[in-house]
Structures are given as C-alpha cells and as structure tokens.
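Chemist: Predicted model and sequence follow; I will ask about them next.
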Amino acid sequence: MKVIGIETSCDETGVAVYDSDKGLVADLLFSQIKLHQRYGGVVPEIASRDHIRKTLPMIDEALNEANCTGKDIDGIAYTAGPGLIGALLVGASLAKSLALAWGVPALGIHHMEGHLLAANMANDPPSYPFVALLVSGGHTQLMECQRQGDYQLLGESVDDAAGEAFDKVAKMLGLGYPGGPEIAKAARDGDHNRFTFPRPMTNKPGLNFSFSGLKTFVLNTVYDLDNLGKQDVADISCAFEDAVVDTISIKCQRALEYSGLDSLVIAGGVSANLNLRNVLEQMTKEHGYQLFYPEAKLCTDNGAMIAYAGWQRLVRGQSESLEIQVRPRWPMEELVSA
C-alpha cells in the first residue's frame, strides 16, 4: 500500500510517500523560516500563501522520487489539525481534490499523532502502552498511550508551550527565529553556575506545565543587566535551557511513576534538543525506564510522519467523506482507535 502524506499545519511544507513494503520512498520538506524570520514568528497569511505555491510541485516531485504516479497511490493522508486554519485548508483542499481525481480515499490526520508515531519509524520502535511527551512550538503535553488512538491526557502547559517559550526568550536576547536552535547554540558557551532560574510547578503535585513565569524571570534578568554582552546572552540561554529541560524531566518522571508504565516516548520539534535528550536518557536509565524518540529529521514538522500515520489508519479501513474539514483546535483524546 502506497500513501502520500501532506503536512501544511504551520510554516513547513512536507510531502512524503510511504510504501508498506519498502518503507519511506520519498520525503520532501520546504521550510518557510527565512520568510518569517524578519517578523520574529510565523505570519499565518504568508504561511498559507507559500503552501499554495509549494505543495503541488512538491507532490509531483515526491511521486517522481518514489518512481510512481497518481495511479499507483492507494490513499492520501493530510494534516487536518491542529494548526493554522488557512495553512490546514491548503493541504486539505489539495488532498481531497487529488482523492477525487485519483479515486482513492483521503484521510485527515492529527498533527501531534503524526509526531507521536514518527518514533515507530525508528529502528527500535516502542511498544504500547507508554507515556508520551509531546513537546513543540504549540504543544507541551504528557499522554498515556494504550494503543493508537487511545490516548489519555495526563498533563499539559497551562500557558505557553515549551517551543513558544524558546522563541520568545530568544527574541528577548536578540537571537534569531526559531528560538530553540538559537538558544541551544548560544548555551554551548554559557556558564551553568552564573544564573539559576526557577523550575516552574515542580514544587507542587501534578503533571501540568507553566512557562510564562519563567519567561518573566528571564526578562527581569535581562533588565537587571541593562546592556547584554555576548557572554550574558550565552549564560542566560544556558540557564533558561537548563530550567526548561529539568522541569520537563521532573514531570516525565512523575508521569511514569503515576501511570506505572516503564516506557517514555518523546516527540515534536523540541524533542530534537540534545540537552533534553541527554537529561531524559540519564533519568530513564537511573530509574529503569526505556526512552524512545524519532530520528532528528523527523522531530520537526514533516510529511513522512503524516504518510505513516495515514497508512496505519487507512490499512485498517478508516475513511471519511470528500467534504473539506479542518480542526485548528483538536484534542488528541477525541481520536478513535485505529
């Protein structure tokens, strides 16, 4: 079974072809980072327009790379949410149009389930049940996963997502967009002992996150220093990254203890952070847990995860009408089992 995946939820256009016999046979990605850098964040209208410009040519290129045509495709998977509504509508409209033309089913995929299932494409995939940490620019969630589509929310951020906090702190420090890689790069030269930032909501029970107060702490530190030098930026980046990573690690350990499960899957753009991976590797090793995560290239938004998630559901007979529907807000708990 060959499934083409289309990802247009935010600022990256991803198209991929997944073959159930051969695995991933085409995987294309176009990032809009340069278009949005001057604004310090994603501009929804610009994102939608660029998806319109890029997606169809990328579908043609992906089919060529996979050495197939539309007649060889058995199904189309597209990101139906959550995300920017205009960007989602571009992918959904193309998917449903191609489905009608090719006479194949098109299925809307939950963006975060795509991230979650990307870990299954690794050489050593996890087995259900497990705890999942979904951490990205728009989400910071802990989920208990019994099987595909059977998810229970354990905790989430009550304000900013971790990736969003990275972006905003990077802007405070005069660094570029996206903030995660910029802060990680600056933190390499930082002094871990100069600043100690709070680990939000770790001194009280529960599995929710909060990063807005940590941002305020960073902002006050910046004001206190008045004129930031290069070393100041490095030291603050280091302290901020350490605070976020420690907070996430503490919450993940609590979630594993609460659920009684022994496997942790991390997914989403922030899961590519090497400091986060190292700290979670150490935590899981010390407590006898297992840690799983996707390849680095599959951590950020991509079409491969959507194609794979679509195959998982289409092969089990899941389908939907050709009506174009997207969900900018879509709780994972509302998904049905594949």
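Modeler: Ah, there it is.
Chemist: And Ile109, what's its pLDDT?
Modeler: According to the prediction, Ile109 has pLDDT 98.
Chemist: Distance of it relative to Gly229?
Modeler: Distance, Ile109 to Gly229, using CB to CB, to the nearest Å: 46 Å. Backbone N, C-alpha and C define where each C-beta goes, glycine included.
Chemist: the more surrounded of the two?
Modeler: Comparing Ile109 with Gly229 by neighbour count (other CB atoms under 10 Å), the higher total belongs to Ile109, at 29 against 9.
Chemist: dump the residue contacts of that one.
Modeler: Gly5, Ala77, Tyr78, Thr79, Ala80, Ile306, Ala309, Gly310, Arg313 (CB atoms under 8 Å, 6 or more residues apart in numbering).
Chemist: Please provide the alpha-carbon coordinates for the helix or strand encompassing it, formatted as PDB.
Modeler: Using DSSP states H and E, Ile109 falls within strand 106-110. The C-alpha atoms that make up strand 106-110 are tabulated as PDB, following Å, rounded to 0.1, in the frame of the first residue of the first chain:
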ATOM      1  CA  ALA A 106      -8.200  10.800   1.700                       C
ATOM      2  CA  LEU A 107      -7.900  10.900   5.500                       C
ATOM      3  CA  GLY A 108      -7.300  13.800   7.900                       C
ATOM      4  CA  ILE A 109      -4.500  13.100  10.400                       C
ATOM      5  CA  HIS A 110      -3.900  14.700  13.800                       C
END
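Chemist: chain center to that strand, what's the gap?
Modeler: Put simply, strand 106-110 sits 17 Å off its chain's centre (CA atoms, centre = their mean, to the nearest Å).
Chemist: wait, is Leu134 part of a strand?
Modeler: Yes - Leu134: assigned to a strand according to DSSP: H, G, I helix; E, B strand; the rest coil.
Chemist: Spatially, and excluding backbone neighbours, which residue is closest to it.
Modeler: Using CB to CB, 6 or more residues apart in numbering and skipping the chain neighbours, the partner closest in space to Leu134 is Gln141 (4.6 Å).
Chemist: what lines up beside the host helix or strand of Ile6 in the sheet?
Modeler: If you go by DSSP H and E, Ile6 is part of strand 2-7. As defined by DSSP bridges, the strand partners of strand 2-7 come to strand 12-19 (antiparallel), strand 75-81 (parallel).
Chemist: List the contacts of the longest one.
Modeler: When you say that, I think you mean strand 12-19. Contacts for strand 12-19 (CB under 8 Å, 6+ apart): 1-8, 24-32, 50-51, 54-55, 58-59, 61-63, 65-66, 68, 73, 300-304, 306-308, 310-311.
Chemist: Give the closest residue to Gln290 in space, chain neighbours not counted.
Modeler: Using CB to CB, 6+ apart, the closest residue to Gln290 is Ser263 (4.7 Å).
Chemist: Just give me the neighbour total for that neighbour.
Modeler: If you count neighbours by other CB under 10 Å, Ser263 ends up with 19.
Chemist: now swap in the one 5 residues further on and tell me
Modeler: When neighbours are defined as other CB under 10 Å, Gly268 has 29 of them.
Chemist: OK, contacts around it?
Modeler: By CB under 8 Å, 6+ apart, Gly268 lies in contact with Met112, His115, Leu133, Leu134, Val135, Ser136, His139, Gly163, Cys299.
Chemist: Also Arg254?
Modeler: Leu207.
Chemist: hang on, isn't Gly269 packed against Gly180?
Modeler: Yes - the pair Gly269 / Gly180 is scored as a contact, 6.8 Å apart, by CB atoms under 8 Å.
Chemist: Residues that sit against both of the two, list them.
Modeler: Gly163.
Chemist: Now do whichever strand or helix holds Met305: which elements does it pack against?
Modeler: Assigned by DSSP H and E, Met305 falls within helix 303-314. With contacts taken as 3 or more CB pairs under 8 Å, 6 or more residues apart in numbering; DSSP states H and E, helix 303-314 sits against strand 2-7, strand 12-19, strand 23-31, strand 75-81, strand 106-110, helix 111-118.
Chemist: So what's the gap between stretch 314-332 and the chain middle?
Modeler: Using CA atoms, centre = their mean, the offset of stretch 314-332 from its chain centre is 19 Å.
Chemist: contacts for that stretch?
Modeler: 1, 3, 20, 74-75, 77, 80-85, 88-89, 92-93, 96, 99-100, 105-108, 110, 112-113, 141, 143, 151, 153, 338.
Chemist: Alpha carbons only: can I get that stretch in PDB?
Modeler: Output of stretch 314-332 as PDB, limited to C-alpha atoms (Å, rounded to 0.1, in the frame of the first residue of the first chain):
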ATOM      1  CA  LEU A 314      -6.100   3.500   6.100                       C
ATOM      2  CA  VAL A 315      -4.800  -0.100   6.200                       C
ATOM      3  CA  ARG A 316      -7.400  -0.700   8.900                       C
ATOM      4  CA  GLY A 317     -10.200   0.600   6.800                       C
ATOM      5  CA  GLN A 318     -10.700   4.000   8.300                       C
ATOM      6  CA  SER A 319     -12.200   6.600   5.800                       C
ATOM      7  CA  GLU A 320     -14.000   9.900   5.600                       C
ATOM      8  CA  SER A 321     -16.100  11.800   3.000                       C
ATOM      9  CA  LEU A 322     -14.700  14.200   0.500                       C
ATOM     10  CA  GLU A 323     -16.000  17.200   2.400                       C
ATOM     11  CA  ILE A 324     -13.200  19.600   3.300                       C
ATOM     12  CA  GLN A 325     -13.000  19.900   7.100                       C
ATOM     13  CA  VAL A 326     -10.100  21.000   9.300                       C
ATOM     14  CA  ARG A 327      -9.800  21.500  13.100                       C
ATOM     15  CA  PRO A 328      -7.400  24.200  14.200                       C
ATOM     16  CA  ARG A 329      -8.000  23.000  17.800                       C
ATOM     17  CA  TRP A 330      -8.300  19.300  18.200                       C
ATOM     18  CA  PRO A 331      -7.700  17.400  21.500                       C
ATOM     19  CA  MET A 332      -5.900  14.100  20.900                       C
END
